[in-house]
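**Student:** Predicted coordinates and the sequence they were generated for:
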Amino acid sequence: MATTSTQRFGRRLASSVSRRRLSSSAGEIAVQRSQNPSLNLCSAINQALHIALDTDPRSYVFGEDVSFGGVFRCTVGLADRFGKSRVFNTPLCEQGIVGFGIGLAAMGNRAIAEIQFADYIYPAFDQIVNEAAKFRYRSGNQFNCGGLTIRAPYGAVGHGGHYHSQSPEAFFCHVPGIKVVIPRSPSQAKGLLISCIRDPNPIVFFEPKWLYRLAVEEVPEHDYMLPLSEAEVIREGTDITLVGWGAQLSIMEEACLDAENDGISCELIDLKTLIPWDKETVEASVRKTGRLLISHEAPVTGGFGAEISASIVERCFLRLEAPVARICGLDTPFPLVFEPFYLPTKNKILDAIKSTVNY
Amino acid sequence: MALCKRKPRGALKHIVSQFELLKQNRSTLPSLISAPKPTAAASSSSSSSSWLSKLICDPRANWVSRTPLSSPRRFESTVAEKLPRFANGVPDSLTLDFPGGKVAFTPKMSFISESPKERAHCYRVLDEDGQPLARSSFIQVSEQVAVRIYNEMVTLQTMDNIFYEAQRQGRISFYVTSMGEEAINIASAAALTFDDLVFPQYREPGVLLWRGFTLQEFANQCFGNKADYGKGRQMPVHYGSSKLNYFTVSSTIATQIPHAVGAAYSLKMDKKDACVITYFGDGGSSEGDFHAAINFAAVREAPVIFICRNNGWAISTPTSDQFRSDGIVVKGPAYGVRSIRVDGNDALAMYSSVRAAREMAIGEQRPILIEALTYRAGHHSTSDDSTKYRPANEIEWWRTARDPVSRLRKWIVSNGWWSEEAESELRSNVRKQLLHAIQVAERVEKPPISDLFTDVYDVPPLNLREQEMSLRETIKRYPQDYPEDIPA
């Protein structure tokens, strides 16, 4: 099925880092537009939250500043529509937000907690790892907090520095009992978030803040869910498999387009759910291409790319034509003026594609 | 949420509807002034019975006016002033209107003292001889309830002794006693209904006992056998029972407190006639989760009772190394939470205060903090020898002269409700049942290997299914590496 780049990522407006090439025909876009309204990522998430609260009267949205609409406007209109008892500001305390959310979820409610930036999730790490992740297991399934979903904006934003740019997904991928989900686009985000909210396990949902306003695409207006733990091949190819998630995928796609000009056919996979992750889809792709490249913004050492690499090498060692490549952030705190140097850029990825193919 | 289906026994049902004060005269409590309603958003329901509103006093009634030694002479006075709580009745020309509400201003610089002139008073009903204090006010407890409370305190005490010995004999791996805290455990439980949710720390098995958790069920968990509701996954004393609304214990300190607040908010939103009770120790009150939770509870107006068992010790750390405040009770008002300090070794005081707290929590939809003063008469756990950090004769004194079980016994004996025969019969029966429960639990087989992999998620994901298959093959190849009593 030939999905257009627009359909895969939404239309990214001009950014200081890169321009996207749109590979769709104008006619196709025109048809699309009349079917579904165009939304950016934060509006799509807003819609998902409206639907979640509308379809379950025992669901709640809470966190710092969510009442007026949120610092990223993801919660606009919710308090007005559903009331201040269901959509409310919490005190400035992440451990309290998550701990309170666990208690709410333990009573069968859907507790949708917002952490204002993923950079500030660490005070809640104990509650997530020692409590939420183990709540069902330690009780012998007498209790669970599956209704808990924690949303947090993550990732580079161009000027965020140490504390507004982090990608902490790897910390959470090491915790049995929770799921970690990261959408790449508005339509994906809506369907995945609704799935996360309804999934009977506690989930951390990282939203690529870079795309909140920049990514725009047609998003179906109805209530729909996208499956968790299913990776998606968003671009088919034969020479090398690329795996990524979130905002990084659009960078990777640009590298794939450039590589195509050099006669390299790239297969691009959106992992979507990082744990439990869909090894089968990645393995099937690597069996086809014989090469793997993983890219993420988070620092390379101990990043989730290491897990994917190790697992695939275990499964596909004899099939591999080259070492698994990881093009990731540097092992430094996320810098401000050096951000363009820190990030895994299209050209870094392109270089790695070529050297992997020419190994 | 599984509402408990057990009906309270006949006597309890009678008690739940009963609600009398025994003595009417003014007590030794501080002067009772009704706290004025805050100008900020008032709580939803406010119709507390009038007798409850008489129990509330001004938070700073006892605050000191102490002149610091280094006060500069040019100030007239550095006496701490008792400011009205909210500037009602003060002319606007004397108030400031910063965010947060009006506040009267003063040209005199004065600091609120770091410590009160005297410590917050401690509510007690019975003296050490089990006799009601003169002019004590408490909620009447019938013979049936009092005797039941006593029975369960003895059962808890006996269970603790026997399980502790079982650990020493190597039959269970670990145990935590609640010695010295039997009154807190049982009397607080007796003051609640089975619909009230319990979020324990780990020194409150008495609450489970009161609700009907059997000695066999306790033993099963300690032995981690197939009948353990926790499926053998956690250390002994990590009990949990959804049917009794008792959330599973976790070793982490104070993490349950914010959960309790979230659960209480759920009860509030579902308009349930129930509250949440959560327990923690003096040590737990230092954890961030305590402060986070009590602040959330105040802001969300959640019907939750916080019970701090201030037993003087957090393992080897005395309270002098834990905080500099006057215990935990003074922290409540700092968060806008109504609080009381209670003699935790006095079953009747515990019972009355928790009953009152429950009515306030549900009727006014607010949190309540109870600091129960007590003493940890046992070691922290079987991994601890507390004689290493406190005198053995101190432990012994609290275990005997200040034993809460004996104290209640004296009261029920003096009422003619208990006898020596009943005492020895109770103790020997309980002991027999416990020994039997242990023998049975020891022989029940362990949970199967599949229970290692279930409940991590609602459904085991692929990686766990693969790991289970791989592990089973390994077990077949190297059975000698694995315990024999865990079936495949």
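**Tutor:** Right, received. Where do you want to start?
**Student:** quick check: mean pLDDT across the one helix or strand residue A:217 maps to?
**Tutor:** Secondary structure from DSSP states H and E places residue A:217 in strand A:215-218. Summarised as a single mean, pLDDT over strand A:215-218 is 98.
**Student:** what's the helix or strand just after it packed up against?
**Tutor:** Sequence order places strand A:232-235 as the next helix or strand after strand A:215-218, per DSSP H and E. Using 3 or more Cβ pairs under 8 Å, 6 or more residues apart in numbering or on different chains; DSSP states H and E, the elements in contact with strand A:232-235 are helix A:248-261, strand A:266-270, helix A:279-289. For every residue, glycine as well, the C-beta is placed using N, CA and C.
**Student:** Check which helices and strands the first one sits against.
**Tutor:** I take that to be helix A:248-261. helix A:5-9, strand A:232-235, strand A:240-244, strand A:266-270, strand A:292-299, helix A:346-357.
**Student:** between the ones you listed, which one is nearest to residue B:401?
**Tutor:** In terms of Cβ to Cβ, the element of the helices and strands packed on helix A:248-261 nearest to residue B:401 is strand A:292-299, at 60.7 Å.
**Student:** tell me what that closest one is packed against?
**Tutor:** helix A:169-172, strand A:240-244, helix A:248-261, helix A:304-316, strand A:325-329, helix A:346-357.
**Student:** Just the C-alphas of it, formatted as PDB.
**Tutor:** Listed next in PDB are the C-alpha coordinates belonging to strand A:292-299 (Å, rounded to 0.1, in the frame of the first residue of the first chain):
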ATOM      1  CA  LEU A 292      19.900  -2.700  10.400                       C
ATOM      2  CA  LEU A 293      20.300   0.900  11.400                       C
ATOM      3  CA  ILE A 294      18.600   2.300  14.500                       C
ATOM      4  CA  SER A 295      18.300   6.000  15.200                       C
ATOM      5  CA  HIS A 296      17.100   7.900  18.300                       C
ATOM      6  CA  GLU A 297      17.700  11.300  19.900                       C
ATOM      7  CA  ALA A 298      18.600   9.900  23.300                       C
ATOM      8  CA  PRO A 299      22.300   9.300  24.000                       C
END
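**Student:** need the residues of the stretch 1-150 of chain A near chain B, please.
**Tutor:** Contacts of the stretch 1-150 of chain A with chain B, taken as Cβ under 8 Å from any Cβ of the partner chain, map to A:58, A:85-86, A:88, A:90-91, A:93, A:95-96, A:98-109, A:111, A:123, A:126-127, A:130-131, A:134-144, A:146.
**Student:** Mind giving me the ChimeraX command for buried ones among the residues you listed?
**Tutor:** Here is the ChimeraX command that selects the buried residues among the residues of the stretch 1-150 of chain A next to chain B (16 or more other Cβ atoms under 10 Å in any protein chain shown):
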select /A:58,86,88,90,93,95,96,98,99,100,101,102,103,104,105,106,107,109,111,123,126,127,130,131,134,135,136,137,138,139,140,141,142,143,144,146
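**Student:** about what we covered before: most tightly packed of the helices and strands packed on strand A:232-235?
**Tutor:** strand A:266-270 (a mean of 25; mean count of other Cβ atoms under 10 Å in any protein chain shown).
**Student:** what's the angle from that one to helix A:248-261?
**Tutor:** Interaxial angle, strand A:266-270 versus helix A:248-261 (axes from the mean of the first three to the mean of the last three Cα atoms, to 10 degrees): 170 degrees.
**Student:** Restricting to C-alpha, output strand A:266-270 in CSV.
**Tutor:** Coordinates of the C-alpha atoms in strand A:266-270 are reproduced here as CSV (Å, rounded to 0.1, in the frame of the first residue of the first chain):
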residue,chain,number,x,y,z
CYS,A,266,15.6,1.5,2.5
GLU,A,267,12.9,-0.1,4.6
LEU,A,268,11.7,2.2,7.4
ILE,A,269,10.0,0.8,10.5
ASP,A,270,8.1,2.8,13.2
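**Student:** Please work out the average pLDDT along it.
**Tutor:** 98.
**Student:** secondary structure element for residue A:152?
**Tutor:** strand A:148-154.
**Student:** now that strand against strand A:292-299, angle please.
**Tutor:** Going by the same axes, to 10 degrees, strand A:148-154 makes 80 degrees with strand A:292-299.
**Student:** Please identify the pairing partners of strand A:148-154 and their relative orientation?
**Tutor:** Using DSSP bridges, the strands paired with strand A:148-154 in its sheet are strand A:110-114 (parallel), strand A:203-208 (parallel).
**Student:** any idea which of the helices and strands packed on strand A:292-299 is most buried?
**Tutor:** strand A:240-244 (a mean of 29).
**Student:** shaky segments in chain A?
**Tutor:** Low-confidence segments of chain A (pLDDT under 70): A:1-34.
**Student:** again, only this time at 50
**Tutor:** Scanning chain A with the threshold set as pLDDT under 50 gives A:1-2, A:12-33.
**Student:** For the closest residue to residue A:196 other than its chain neighbours, name its beta-bridge partners.
**Tutor:** Excluding its sequence neighbours, the residue lying closest to residue A:196 (Cβ to Cβ, 6 or more residues apart in numbering or on different chains) is residue A:203, at 4.4 Å. Counting by DSSP bridges, residue A:203 is bridged to residue A:149, residue A:179.
**Student:** what number of residues lie near residue 317?
**Tutor:** Let's take chain A. Neighbours of residue A:317 under the rule other Cβ atoms under 10 Å in any protein chain shown: 8.
**Student:** not what I meant, chain B
**Tutor:** For residue B:317, using other Cβ under 10 Å, the count is 15.
**Student:** OK, contacts around the closest residue to it other than its chain neighbours?
**Tutor:** Excluding its sequence neighbours, the residue lying closest to residue B:317 (Cβ to Cβ, 6+ apart) is residue B:283, at 6.6 Å. By Cβ atoms under 8 Å, 6 or more residues apart in numbering or on different chains, residue B:283 lies in contact with B:253, B:314, B:315, B:317, B:322.
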